[in-house]
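A.B. asks: the following block contains a protein sequence and its predicted model.
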Amino acid sequence: MEEPFRILHPVKYYKEHFLCGVRPDGRKLDKFRPVVLNAGSIQTADGSAFAKVGDTSVMCGIKAELCTPKPENSKEGFLIPNIELSPLCSPKFKPGPPSEEAQIATQLLADIIKSSKCLNPEELCLFPEKLAWCLFADLECISYDGSLIDACVIALITALKTVRLPMVDYDPATGNKIVKEEEKRCLNIVSTPICSTFSIFEEKMTLFDPTHEEESISSCTLNIVIKDDQICSVHKPGGAPICDDDLLNCIEKSKERAKEICELIDKAMQTFKTT
């Protein structure tokens, strides 16, 4: 009878669990799900990583292409992320053009990377006004079960750390360029932003790392990005208010989690460098 009750009355079903201080998956309200990470998952890409947060799985592949810088930013290259949410990851998504949720998630991910300043776009420029690198970061959600941005940030940052760009000889007079595949360099990732997602249920219960169903019945979601043990950004797209004490608690828990995930990324990179 439990499964039909969950389907027919999801809010009541979850509320009865929350009032007992436990969630249907066995976690307490203030517990995050385990994170699994693998660096260098796609050999044909210039950089890649696989991240799994609970049952949400994201594969990130980065492809580098040479391009011309924008006139207004003539000394900068590009990092263009794109999140794909296909029917493969969840039946809530339909085939066709990118869904609104995918577009919003992509823009939020781009904003997080930009505000964290983890990668200096000038480092991607080879010759001002003439030649620069454009990094296309495709993030394919394989399994969708909440906290999508958390998994995407982890996958993208790790993938960026695995990127190896070939050296390029460029003659501005003739426009000729020679790509030296045998000589490659790493990107200088100066910081590691980590995102943690929370949701507010009935304006009084804060759920850490919510699942998709928990997000769907909550009155709002909250994304907190930590960089170098400091707040980088907070994203709350409307919804129910959150009191100061709950917000401060979420920030402190985000800092603790960011340290753990940074250690996980470091271990994944050590494994990647030895293979």
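C.D. replies: Happy to help now that I have it.
A.B. asks: quick one: neighbours of the closest residue to Ile224 other than its chain neighbours, just the number.
C.D. replies: Closest residue to Ile224 apart from its sequence neighbours, by Cβ to Cβ, 6 or more residues apart in numbering: Ser254 at 4.4 Å. C-beta coordinates here come from the backbone N, C-alpha and C atoms, glycine included. Residues near Ser254, counting by other Cβ atoms under 10 Å, number 24.
A.B. asks: elements contacting the helix or strand containing Ser254?
C.D. replies: Element membership of Ser254, judged by DSSP states H and E, is helix 244-274. Helices and strands touching helix 244-274, by 3 or more Cβ pairs under 8 Å, 6 or more residues apart in numbering; DSSP states H and E, are strand 35-39, helix 148-162, strand 194-201, strand 205-208, strand 220-227.
A.B. asks: using CSV, write out every CA atom in stretch 38-51.
C.D. replies: Written as CSV, here are the backbone C-alpha positions of stretch 38-51 (Å, rounded to 0.1, in the frame of the first residue of the first chain):
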residue,chain,number,x,y,z
ASN,A,38,35.6,9.7,-12.2
ALA,A,39,38.0,11.9,-14.2
GLY,A,40,39.0,11.4,-17.8
SER,A,41,36.0,9.2,-18.6
ILE,A,42,35.9,9.9,-22.4
GLN,A,43,39.2,9.3,-24.2
THR,A,44,38.1,11.0,-27.4
ALA,A,45,37.3,14.3,-25.6
ASP,A,46,39.8,17.0,-24.7
GLY,A,47,38.6,16.8,-21.1
SER,A,48,35.9,14.8,-19.4
ALA,A,49,34.5,13.6,-16.1
PHE,A,50,31.6,11.6,-14.7
ALA,A,51,29.8,12.7,-11.5
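A.B. asks: name the residues that touch it?
C.D. replies: 35-37, 57-64, 135, 151-152, 154-156, 158-165, 265, 268-269, 271-272, 275 (Cβ atoms under 8 Å, 6 or more residues apart in numbering).
A.B. asks: let's see that with 7 Å instead.
C.D. replies: 37, 58-64, 151, 154-155, 158-160, 162-164, 268-269, 271-272, 275 (Cβ atoms under 7 Å, 6 or more residues apart in numbering).
A.B. asks: and it, what's buried?
C.D. replies: Asn38, Ala39, Gly40, Ser41, Ile42, Ala45, Asp46, Gly47, Ser48, Ala49, Phe50, Ala51 (16 or more other Cβ atoms under 10 Å).
A.B. asks: of these, closest to Asp171?
C.D. replies: Checking the buried residues of stretch 38-51 against Asp171 with Cβ to Cβ, the nearest one is Asp46 at 23.8 Å.
A.B. asks: nearest residue to that closest one other than its sequence neighbours?
C.D. replies: Nearest non-adjacent residue to Asp46 (Cβ to Cβ, 6+ apart): Ala64, at 4.5 Å.
A.B. asks: wait, the one you found sits on Val168?
C.D. replies: No - between Ala64 and Val168 there is no contact under Cβ atoms under 7 Å: 10.5 Å.
A.B. asks: comparing the two, which residue is more hemmed in?
C.D. replies: Neighbour count, other Cβ under 10 Å: between Ala64 and Val168, Ala64 has more, with 19 against 15.
A.B. asks: check which helix or strand covers that one.
C.D. replies: strand 56-67.
A.B. asks: can you check what angle separates that strand from strand 35-39?
C.D. replies: Here strand 56-67 runs at an angle of 30 degrees relative to strand 35-39 (axes from the mean of the first three to the mean of the last three Cα atoms, to 10 degrees).
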